[in-house]
Structures are given as C-alpha cells and as structure tokens.
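Q: sequence plus the predicted model coming up.
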Amino acid sequence: MTGLTQCFEAQAGIIGRGQALCFVTEDQLGRLLRKSWQVVFPGVYAAFRGSLNADQRLWAARVYCGDEMLLTDRHVLLAHEVRYVPDEDGVHVLLPWSQTRKPRGLAAGDSHPTHPRIVVAWTLSRRTVRQSAHRLRIA
C-alpha cells in the first residue's frame, strides 16, 4: 500500500474512488470505509475520521469537482494574504460550463459538521474568469 500512502501524503489524506481502486479491491475499500475512512462527498474519501482542516477541504473539493476547478472568493484572498477575510467553512469554486460531470451546487455533508460544503458557480470559459479578475484588479 505504499502507492496509497504516497497518494494520501500528496493530497492531505483525501482520495477519490478511482484513485483508491488502483491500490485496493472493492472489498478492501468497503472494509476501510467501515473501519477507519469516511466519505466526504460521493466518491471522495478521507483516510481518517473527524473534521477536515482547511487544506483537506480544498483537496476534497478538487477531487470531487475535477482538475478544471478554480477557487474563488475567500480562498483567493487568503492566498494573497489579505488580512480580514470572512470566516466561512464552505469552499467556493468556479467550474467550466463544458465540464461533463456537474456536481450539484450543494454537495453532501451540509447536514454533517465534519464535512465541507461546496458552493459551485459556473463560468463559460477560463477567459471569462481572467477578464473578470482583470476588471477587479485581482490578477
């Protein structure tokens, strides 16, 4: 399971179902979910029980939404070290409209305090995001 351990180290303890099945069988995955792992979103697992920290919430959102996901709002402000950012547990993301898998705007876990919430906004293209960022003088 060294590949699985490396995956967890690279992704802050978060893994997708497809990634996990590269290292374990369906039966082993079921046992891990019953004993020590938890479901964060459909098809996204944490290798531990309990609350997710900020980095783990971002990884869970990325694994769930895909590589085309762009962070918005407070995450961008935090990355640019803006001091006074509103405190919020949700992860706000932008997804390209062309993405075939469209997660619901409200992902699983809203009713459970240990799981993050993803707020999804759709954009037509990366160009739209760049133009908006330029107008707001963020980029």
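A: Structure's in. What do you need? Numbering: from 1, shown residues only.
Q: alpha carbons only for contacts and neighbour counts from here, please
A: Fine.
Q: I15: neighbour count?
A: Look at I15: counted by other Cα atoms under 10 Å, it has 24 neighbours.
Q: residues contacting it?
A: I15 sits next to 7-8, 44-47, 60, 63 when contact means Cα atoms under 8 Å, 6 or more residues apart in numbering.
Q: how about 7 Å then?
A: Contacts for I15 (Cα atoms under 7 Å, 6 or more residues apart in numbering) come out as 8, 44-46.
Q: residues in contact with stretch 76-85?
A: With Cα under 7 Å, 6+ apart, stretch 76-85 has contacts from R74.
Q: possible to save the contacts of I15 as TSV with distance to Q38 and pLDDT?
A: Output for the contacts of I15, formatted as TSV (distance: Cα to Cα, whole Å; pLDDT from 0 to 100):
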residue	distance to Q38	pLDDT
F8	14	92
V44	9	92
Y45	6	94
A46	5	94
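Q: among these, which ones are in helices?
A: By the criterion of DSSP state H, membership of the contacts of I15 in helices covers F8.
Q: who wins for neighbours among the contacts of I15?
A: A46 (25 neighbours).
Q: nearest spatial neighbour of that one, skipping sequence neighbours?
A: I14 (4.6 Å; Cα to Cα, 6 or more residues apart in numbering).
Q: wait, the one you found touches G43, no?
A: No - I14 lies out of contact with G43 (Cα atoms under 7 Å); the separation is 10.7 Å.
Q: looking at these two, which one has more neighbours?
A: I14 (29 against 15).
Q: OK, contacts around that one?
A: Neighbouring residues of I14 by Cα under 7 Å, 6+ apart: 8, 45-47, 56, 59-60.
Q: could you look up the SS state of the closest residue to S36 other than its chain neighbours?
A: Closest residue in space to S36, ignoring its immediate chain neighbours: F48 at 5.8 Å, by Cα to Cα, 6+ apart. Classification of F48 using DSSP: H, G, I helix; E, B strand; the rest coil returns coil.
Q: contacts only, for A47.
A: Per Cα under 7 Å, 6+ apart, neighbours of A47: 13-14, 36-38.
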